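Asks: can't give you the sequence, but here's the structure:
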């Protein structure tokens with residue numbers, strides 16, 4: 001299946017939340033979910049797509065939610081959690097015979113390479129999967145912001161935000177049965193309607209650099225490949241010169 005499909009993008013950045021790796025658990029990494037995610041990433045890599053990944057750490061430790069801890073300190077602990085996820089995901093992908101590198105924004109040479117933009121791009125050109133850990137390396141910034149920043153830095157064609165919902169809705173579908181999913185939504189409409197696609201800093205960075213965002217449900221098997229191959233999956237956040245439209 002993977003060999004027969006033609007990718008729509010040359011280089012992508014995939015953002016995965018740490019919570020997505022928990023599955024139905026309350027904490028940690030679900031081995032079955034880890035294997036599923038690794039398999040999907042490996043399949044995309046075997047299509048010839050250059051794929052970079054930013055993974056969150058909320059399944060282990062969420063910095064902004066830590067009580068009684070200084071925010072900066074809590075955020076640094078959260079960054080370490082993202083590196084734990086990155087190294088674990090690396091192992092799962094490499095078991096599928098896809099060469100993978102982890103680059104950390106916080107130096108930890110025994111576990112990961114330091115983040116060096118040109119080296120990351122070179123790895124991608126050699127068809128290696130690159131996983132970025134430790135966020136931006138700075139407190140007060142989310143892994144959404146790290147994903148937006150790395151996507152722009154490496155010249156990705158698109159930022160793929162893998163979530164537990166199947167796109168962006170005009171209102172909360174859990175509360176409103178008549179909520180409608182957007183097929184495409186402009187940055188301006190997402191802002192004015194407070195659709196909360198990503199955090200404000202990440203969203204502004206993508207908007208300023210014309211970085212399209214595709215929000216899709218990663219729990220549906222094969223969705224990462226479908227998105228990369230240009231299938232109409234989820235919601236695409238597009239330039240303000242284009243138009244917002246709902247899915248049929």
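Replies: Great, that's in hand. Quick caveat: nothing in here was measured; it's all calculated off a predicted structure.
Asks: and the longest helix belonging to the chain, how far out from the chain's middle?
Replies: The single longest helix within the chain, with elements called by DSSP state H, is helix 71-94. Computed by CA atoms, centre = their mean, to the nearest Å, the chain-centroid distance of helix 71-94 equals 14 Å.
Asks: Kindly report the same for stretch 128-144.
Replies: Distance, centroid of stretch 128-144 to centroid of chain: 10 Å (CA atoms, centre = their mean).
Asks: try stretch 27-43
Replies: Taking mean C-alpha positions (CA atoms, centre = their mean), stretch 27-43 and its chain are 14 Å apart.
Asks: again with stretch 118-138
Replies: 13 Å.
Asks: For that stretch, which residues meet the burial criterion?
Replies: 120-121, 123-124, 128-137 (16 or more other CB atoms under 10 Å). For the C-beta atoms, the positions are set from N, CA and C on the backbone; glycine is no exception.
Asks: Tell me the pLDDT of the closest residue to residue 98 other than its chain neighbours.
Replies: Spatial nearest neighbour of residue 98, excluding adjacent residues (CB to CB, 6 or more residues apart in numbering): residue 42 at 4.5 Å. Looking at residue 42, its pLDDT is 97.
Asks: List the residues that contact residue 42.
Replies: 93, 96, 97, 98, 129 (CB atoms under 8 Å, 6 or more residues apart in numbering).
Asks: how about a cut-off of 7 Å?
Replies: 93, 96, 98 (CB atoms under 7 Å, 6 or more residues apart in numbering).
Asks: rewinding a little: mind putting the buried residues of stretch 118-138 into JSON lines with distance to residue 196, pLDDT and secondary structure?
Replies: Listed next are the buried residues of stretch 118-138 as JSON lines, based on distance: CB to CB, whole Å; pLDDT from 0 to 100; DSSP: H, G, I helix; E, B strand; the rest coil:
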{"residue": "120", "distance to residue 196": "29", "pLDDT": "98", "secondary structure": "helix"}
{"residue": "121", "distance to residue 196": "31", "pLDDT": "98", "secondary structure": "helix"}
{"residue": "123", "distance to residue 196": "32", "pLDDT": "98", "secondary structure": "helix"}
{"residue": "124", "distance to residue 196": "30", "pLDDT": "98", "secondary structure": "helix"}
{"residue": "128", "distance to residue 196": "33", "pLDDT": "98", "secondary structure": "coil"}
{"residue": "129", "distance to residue 196": "29", "pLDDT": "98", "secondary structure": "strand"}
{"residue": "130", "distance to residue 196": "28", "pLDDT": "98", "secondary structure": "strand"}
{"residue": "131", "distance to residue 196": "26", "pLDDT": "98", "secondary structure": "strand"}
{"residue": "132", "distance to residue 196": "23", "pLDDT": "98", "secondary structure": "strand"}
{"residue": "133", "distance to residue 196": "25", "pLDDT": "97", "secondary structure": "strand"}
{"residue": "134", "distance to residue 196": "24", "pLDDT": "97", "secondary structure": "coil"}
{"residue": "135", "distance to residue 196": "19", "pLDDT": "96", "secondary structure": "coil"}
{"residue": "136", "distance to residue 196": "20", "pLDDT": "97", "secondary structure": "coil"}
{"residue": "137", "distance to residue 196": "25", "pLDDT": "97", "secondary structure": "coil"}
